[in-house]
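Novice: got a structure for you, letters missing:
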């Protein structure tokens, strides 16, 4: 006997993620009732993952559950917000218990790590697709935005972008990779990205602008710059390339992936020169890995410079409809 | 040249719906920044419409945009909430300007009617599917819930359920209907349902429990009753049957659609006997059409009585996975 829609929701999602005292009414009614703390702004994001577009068919269910929440928490991180609640709209062809159990586990584990409660949802039949809406709080006036940067501000990126794109290639490949340990590490970076919540929180008051890197570093840095009324100049030699990435795909391809690969969910942020000392003093790169990669400049557009020469990169990044 | 994802969002959704002073930052950044009024609980719902499941392929884009928001506002109505903001996750195979323009118009018209601002979204490539997340406010402790009813409470439904299901049959039929005016009226009930926001607001303090009728009156009344630890007895002769519905499908089929048809987005609510006089005095049926249809009872389950005889109806309603 197939589980009914209502049973499914009750079974896997009624107590998923963190328990929070600010949830007056969670999963199971027509809507959730939530208490936003006094003196906080609400921060709200929504993102969809579609099978065959955002993850390969047959991806582990735990990874899909994790990523669906992670991409939204990454949006909250880019605003400097503290996450609190999520709603889940899950569309799938069939209701399979094992798949649902793994999906819910992947979602719940990340949710608990960031004290996020799943407070509502909708389960429907259709091609596999997951939409998560995430909410959090920020102290009024302190949220990071894409706009806010100025020409001369220094541009940074967290972590090691490019790894997720290489990890997706590993996941898609029919052949076992040569460097198995590195391949597994990069694949995990695609399947279980870690939203930079702590870094985003700490950047409030330091960064002048911030965006999460979902469509590729050049594309997203370009969006931050455009929103700030600037362009950006990226230093090809400065972008961080991880040893695993270099080992798996070689130096040139690695740098290309760092600049144009998507799905990393790192933060790209601008810091005014006057605040660089605060960044260096308060955010150790051991705790919050970040790397200077370029500057915002007055001229519009994105350029990548290598030893003084402008390189040719498409700055559009990942575009579903192109 | 195809529009890029970013251009699409900017073009059709950057100023969609109502403008509200409590939106600090709307569409265009990683997340929206919103101000919840002091002394209000936040109410949050999410619902997905999938082509071929929740609406026929080739449905008018304006109807899809309207319904995607309407089903969520209906969830807020069932809680007695005042709507404020929405986020939109739109997945579609191709980015077609005409379709997007009509979709956005359908969404925006309903949004403006209820003072809802579209504050964020995500556009992705994939099979046509629309997820909307809606938020609103309610005075603490006054929200309507499914739980809260007691045996003996009288059960009501608003409007004329069953019309949307008949309207969907009209939309799906290849043959022109006999009663063209009635058919057009019912089709419009499916394609452009009106969420019962004003009624939901007025029912606070009067209704003991409330649910919106999306899966069919019997099924949703059954869910309200179960959440309240009760069963329900519905009076077959008492359920409201509209003239248009009766004209189009005949008396017996009409009553069956009223009880089991989905997609009406009316409210089903319970009122304690002690508050019936308040309901009758304060909510004129001219302004807020409602009809007494049965009672909550101690025994679990849903029964439909006709002239004292129990009728056999499936009380499960619409279930995508059954």
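Specialist: Sure thing, it's come through. All figures in this text were calculated on a predicted structure; none of them were measured in a lab.

Novice: How about the residues of the stretch 101-250 of chain A by chain B?
Specialist: Taking C-beta under 8 Å from any C-beta of the partner chain as the contact definition, the stretch 101-250 of chain A meets chain B at A:119-127, A:129, A:131, A:133, A:135, A:138, A:140, A:143, A:145-147, A:210-212, A:223, A:227. Every residue, glycine included, has its C-beta placed from N, CA and C.

Novice: For PyMOL, what selects the buried ones among these?
Specialist: Provided next is the PyMOL selection string for whichever of those are buried by 16 or more other C-beta atoms under 10 Å in any protein chain shown:
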select buried, chain A and resi 119+120+121+122+123+124+125+126+127+129+131+133+135+138+143+145+146+210+211+212+223+227
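
Novice: Break down the stretch 201-322 of chain A into its helices, ranges please.
Specialist: Listed in chain order, the helices of the stretch 201-322 of chain A (DSSP state H, counting those that start in this stretch) span residues A:217-227, A:243-249, A:251-260, A:276-282.

Novice: show me where chain A has strands.
Specialist: Assignment of strands within chain A using DSSP state E yields the ranges A:23-25, A:32-34, A:41-50, A:82-92, A:117-125, A:129-138, A:154-158, A:209-213, A:231-235, A:266-271, A:290-297, A:302-306, A:309-311.

Novice: what's residue A:19 in contact with, if anything?
Specialist: With contacts defined as C-beta atoms under 8 Å, 6 or more residues apart in numbering or on different chains, the neighbours of residue A:19 are residue A:117.

Novice: quick revisit: who wins for proximity to residue B:97 among the helices of the stretch 201-322 of chain A?
Specialist: Using C-beta to C-beta as the measure, helix A:217-227 is the one of the helices of the stretch 201-322 of chain A that comes nearest residue B:97, at 22.4 Å.

Novice: mean confidence score for the closest one?
Specialist: If you average the pLDDT over helix A:217-227, you get 96.

Novice: Determine the number of other residues adjacent to residue A:53.
Specialist: As a burial measure, residue A:53 scores 15 neighbours (other C-beta atoms under 10 Å in any protein chain shown).

Novice: do you know how far it is from chain B?
Specialist: Using C-beta to the nearest C-beta, to the nearest Å, one gets 5 Å for the distance from residue A:53 to chain B.

Novice: And stretch A:67-85, how far out from the chain middle?
Specialist: Distance of stretch A:67-85 from its chain centroid, counting by C-alpha atoms, centre = their mean, to the nearest Å, is 7 Å.

Novice: mind checking the longest helix of chain A?
Specialist: The helix spanning the most residues in chain A, taking DSSP state H as the definition, is helix A:61-79.

Novice: now the angle between strand A:82-92 and that one, please.
Specialist: Angle of helix A:61-79 versus strand A:82-92, following axes from the mean of the first three to the mean of the last three C-alpha atoms, to 10 degrees, is 140 degrees.

Novice: Distance check, residue A:100 against chain B.
Specialist: When residue A:100 is compared with chain B (using C-beta to the nearest C-beta), they lie 11 Å apart.

Novice: Now that residue. Nearest residue, chain neighbours left out?
Specialist: If you skip the residues right next to it in sequence, residue A:100 has residue A:12 as its closest partner in space, 5.0 Å away by C-beta to C-beta, 6 or more residues apart in numbering or on different chains.

Novice: Would you map out the domains in chain A?
Specialist: What the record gives for chain A is the domain set A:5-138, A:154-311, from automatic domain parsing.

Novice: Could you look over those domains and pick the most buried one?
Specialist: Ranked by mean neighbour count, these are led by domain A:5-138 with a mean of 22 (mean count of other C-beta atoms under 10 Å in any protein chain shown).

Novice: what distance separates that domain from the centre of its chain?
Specialist: In terms of C-alpha atoms, centre = their mean, the centre of domain A:5-138 is found 14 Å from the chain centre.

Novice: TSV for the helices of the stretch 201-322 of chain A, including distance to residue B:199?
Specialist: Rendered in TSV, the data for the helices of the stretch 201-322 of chain A read as follows (distance: least, C-beta to C-beta, whole Å):
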stretch	distance to residue B:199
helix A:217-227	42
helix A:243-249	58
helix A:251-260	53
helix A:276-282	53
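
Novice: Can you list the low-confidence ranges for the stretch 201-322 of chain A?
Specialist: Along the stretch 201-322 of chain A, the parts satisfying pLDDT under 70 run over A:313-322.

Novice: can we see that at 80?
Specialist: For the stretch 201-322 of chain A, the stretches with pLDDT under 80 are A:312-322.

Novice: what residue is smack in the middle of chain A?
Specialist: Residue closest to the average C-alpha location in chain A (C-alpha atoms, centre = their mean): residue A:265, at 2.9 Å.

Novice: show me the contacts for it.
Specialist: With contacts defined as C-beta under 8 Å, 6+ apart, the neighbours of residue A:265 are A:70, A:71, A:74, A:164, A:193, A:194, A:195, A:196, A:212, A:213, A:214.

Novice: 6 Å instead, please
Specialist: With contacts taken as C-beta atoms under 6 Å, 6 or more residues apart in numbering or on different chains, residue A:265 has the following neighbours: A:74, A:193, A:195, A:212.

Novice: Columns distance to residue A:90 on top of the residues you listed, output as JSON lines?
Specialist: Supplementary listing: the contacts of residue A:265 in JSON lines, determined by distance: C-beta to C-beta, whole Å:
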{"residue": "A:74", "distance to residue A:90": "19"}
{"residue": "A:193", "distance to residue A:90": "19"}
{"residue": "A:195", "distance to residue A:90": "20"}
{"residue": "A:212", "distance to residue A:90": "23"}
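
Novice: So which of those residues is the closest to chain B?
Specialist: Nearest to chain B among these: residue A:212, at 5.8 Å, using C-beta to the nearest C-beta.

Novice: if I look at residue A:178, how far off is residue A:249?
Specialist: Separation of residue A:178 from residue A:249 (C-beta to C-beta, to the nearest Å) stands at 10 Å.

Novice: Skipping its backbone neighbours, what lies nearest residue A:77 in space?
Specialist: When the adjacent residues along the chain are set aside, residue A:77 lies closest to residue A:200, with 3.7 Å between them (C-beta to C-beta, 6+ apart).

Novice: ditto for residue A:171
Specialist: On the basis of C-beta to C-beta, 6+ apart, the spatially nearest residue to residue A:171 that is not a chain neighbour turns out to be residue A:187, at 5.4 Å.

Novice: Over to residue A:299?
Specialist: Among residues not flanking residue A:299 along the chain, residue A:231 sits closest, at 4.7 Å (C-beta to C-beta, 6+ apart).

Novice: my read: residue A:195 touches residue A:70, true?
Specialist: Yes - between residue A:195 and residue A:70 there is a contact at 5.2 Å, judged by C-beta atoms under 6 Å.

Novice: Find the residues that touch each one of those two.
Specialist: Common neighbours of residue A:195 and residue A:70, using C-beta under 6 Å, 6+ apart, do not exist here.

Novice: on that earlier part again, among the helices of the stretch 201-322 of chain A, which comes closest to residue B:22?
Specialist: The closest approach between residue B:22 and any of the helices of the stretch 201-322 of chain A, judged by C-beta to C-beta, belongs to helix A:217-227 at 22.1 Å.
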